[in-house]
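here you go, sequence then predicted model.
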Amino acid sequence: MDKRQKDPACSVAPIADGATVMIGGFGSSGIPLGLIDALLEHGATGLTVVSNNAGAGNTGIAKLLKAGKVAKVICSYPRTPGSIWFEKRYEAGEVELEVVPQGTLAERIRAAGAGLGGFFTPTGYGTQLAQGKETRLINGRGYVFEEPLHADFALLRAERGDRFGNLSYHATARNFNPVMAMAARHSVAEVRHLSDQPLDPEHVVTPGIFVNGIVEYGVRP
């Protein structure tokens, strides 16, 4: 079994127009910059992007927004310092937005990976975020039902990987990447160090069963 791919372009080649793509990262940590650049070059458009935020400046997810490749963003922080391209596209009515509280976003993704049908959370109860969703009082407290969040593809960033697709992460790059790997039908990872030899099982965070392709890309974060 060898899941190594020769370059990021090969990794993103299966992504078609209209796909839902999860992109790992938190702030500037753990973002798969090489895979994002390859996706931009690949040309797929009408994408739904699931991420913690909507990018900043002209790097990462912001590149996809700038190029008009994104139709919808599902995230917790659409407006962060430097998120100029999301703001421009949104104000022009060119991109749809679904805001999800950060903990709820992580749990919706985790629920998809774990095969759960959804969960109740008190976050958002009594607010606009609960409109159109099932609500319930449990022991006198209000809860909102949230559905699992699946994706067609996940683009991941890890520190180390092996030919079997096992991944380990550097510090805070272990953010949304592990749960996104589980929630997508097809996950690909860029890693700073790619080894012929298996990773030490004690250091594996994302088992290779959740990773379809892996490519070496030596830039941190």
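Good, I have the coordinates.

from here on, just use CA atoms for contacts and neighbour counts.
Will do.

just the element for L105, please.
In the assignment (DSSP states H and E), L105 maps to helix 102-114.

would R185 count as being in a strand?
Yes: according to DSSP: H, G, I helix; E, B strand; the rest coil, R185 belongs to a strand.

need phi/psi at the nearest residue to it once chain neighbours are set aside.
Once flanking residues are discounted, R185 sits nearest to D152: 5.1 Å by CA to CA, 6 or more residues apart in numbering. The phi and psi values for D152, taken as degrees, to the nearest 10, are phi -70, psi -40.

what's the helix or strand for R160?
strand 151-162.

report the angle between that strand and helix 102-114.
Orientation of strand 151-162 against helix 102-114 (axes from the mean of the first three to the mean of the last three CA atoms, to 10 degrees) gives an angle of 80 degrees.

so where do the helices sit in the chain?
Secondary structure of the chain (DSSP state H): helices at 8-12, 33-42, 61-66, 84-91, 102-114, 177-183.

list the helices and strands the first one packs on?
Counting contacts by 3 or more CA pairs under 8 Å, 6 or more residues apart in numbering; DSSP states H and E, helix 8-12 packs against helix 33-42, strand 184-195, strand 213-216.

most packed of those?
strand 213-216 (a mean of 27; mean count of other CA atoms under 10 Å).

contacts for that strand?
For strand 213-216, the external contacting residues (CA atoms under 8 Å, 6 or more residues apart in numbering) are 3-8, 11, 161, 163, 165, 187-194.

before we move on, back to that, does the strand holding R160 pack against any helices or strands, and if so which?
strand 20-23, strand 167-168, helix 177-183, strand 184-195.

partners of it, with directions?
If you go by DSSP bridges, strand 151-162 pairs up with strand 20-23 (parallel), strand 167-168 (antiparallel), strand 184-195 (parallel).

let me know the angle separating that strand from helix 33-42.
If you take the same axes, to 10 degrees, strand 151-162 sits at 140 degrees to helix 33-42.

ok so, going back, export the helices of the chain to a markdown table and append columns for distance to I209 and mean pLDDT.
What follows is the helices of the chain, written out as a markdown table (distance: least, CA to CA, whole Å; pLDDT from 0 to 100):
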| stretch | distance to I209 | mean pLDDT |
| --- | --- | --- |
| helix 8-12 | 16 | 97 |
| helix 33-42 | 20 | 97 |
| helix 61-66 | 26 | 96 |
| helix 84-91 | 34 | 95 |
| helix 102-114 | 12 | 98 |
| helix 177-183 | 9 | 98 |
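
for those helices, which one sits closest to G27?
Between G27 and the helices of the chain, the tightest spacing by CA to CA is seen for helix 61-66, at 11.3 Å.
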